[in-house]
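> predicted model and sequence follow; I will ask about them next.
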Amino acid sequence: MEISIFVTIWSMALSPGDVQRHILGDPLDFLAAEEAVVAVELYQSETGDNLPPLHDVPAPTSMVEIRVGSADAAKELVESDNFKQLLLNKQAFSAPVEKIDLEILEPVHYPIPGQATPPPRTAPLSFVVRYYGPVENQADFVEFYTTNHPPLLAEFPGIRNVLCYLPLGWRDTQEITDSSVIIGNEVVFDDLDSLNRALASDALGPVMADSEKFASYGVSTHYVMQRELIYQRD
């Protein structure tokens, strides 16, 4: 079972290029030397005047996805001193960082109409969504979401991938009284114009109608991000 570790960075003083240069240095050297690390992808927030209205402000400067082979390997990696120092330490950057978030999630890929199996994620534009507590029953929320929402998202014209990200142990979780992540979602397109066309299509209506059926939760965030594969183990 592959696991995704997300490190999300917010900084008013650093540009996405600044964060990229930092990540491509000692942090990437460290991750590439870890046998458990399968791949590393770097997400940079999209900018421009034609972002969809669901794009939240302030968006993160960058997000790093570290894919590893198991939940145990993910937990061991994030608890290591090197990981904490190189990826979670605000002082390691060249300018002030307001916040760094850590998430450990199980990715689930969903099929696209006309394709027998979920395709590989190669298109570079990701619309990244997170849902946060409080919620009365996380397991019920996740079950409803994963059963109903991905097939509707897959009907967007031009869509390349639909993924959900499930927190470890979600099946055993009942009430969440804080702002813990409930579930993540990601839809992938070729570019921002393709995303905007999809959101302007008739496929959006059923997606929004299904959203109205979600159990009460805290907040959700929506970020449009460019994604780049910066490391993959041979």
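All right, it came through fine. Residues are numbered from 1 along each chain as shown.

> drop to CA atoms for contacts and neighbour counts, all remaining ones
OK.

> and residue 106, how far from residue 87?
20 Å (CA to CA, to the nearest Å).

> ignore the last one, residue 11
When residue 11 is compared with residue 87 (using CA to CA), they lie 14 Å apart.

> one more: residue 232?
Using CA to CA, one obtains 18 Å as the distance from residue 232 to residue 87.

> more neighbours: those two, which one.
The residue with the greater number of neighbours, taking residue 232 and residue 87 and applying other CA atoms under 10 Å, is residue 87; the counts read 23 against 12.

> spatially nearest residue to that one (excluding sequence neighbours)?
Take residue 87 and drop its neighbours on the chain: the residue closest to it by CA to CA, 6 or more residues apart in numbering is residue 27, 6.5 Å away.

> and the one you found, how many neighbours?
Residue 27 is flanked by 15 other residues according to other CA under 10 Å.

> now what about the host helix or strand of it, what contacts it?
Using DSSP states H and E, the secondary-structure element containing residue 27 is helix 26-32. The contact list for helix 26-32 (CA atoms under 8 Å, 6 or more residues apart in numbering) reads 37, 82-83, 86-87, 231, 233.

> ok, and for it, which residues are buried?
Of the residues in helix 26-32, those scored as buried under the neighbour-count criterion (16 or more other CA atoms under 10 Å) are 28, 31-32.

> try stretch 180-197
By neighbour count, and taking 16+ other CA under 10 Å as the criterion, the buried residues in stretch 180-197 are 181-190, 192, 194-195.

> so what touches it?
51-52, 121, 123-135, 138, 141-142, 153, 157-167, 170.

> any of those buried? List them.
Buried subset of those (neighbour count, 16+ other CA under 10 Å): 51-52, 123-135, 138, 141-142, 153, 157, 159-167, 170.
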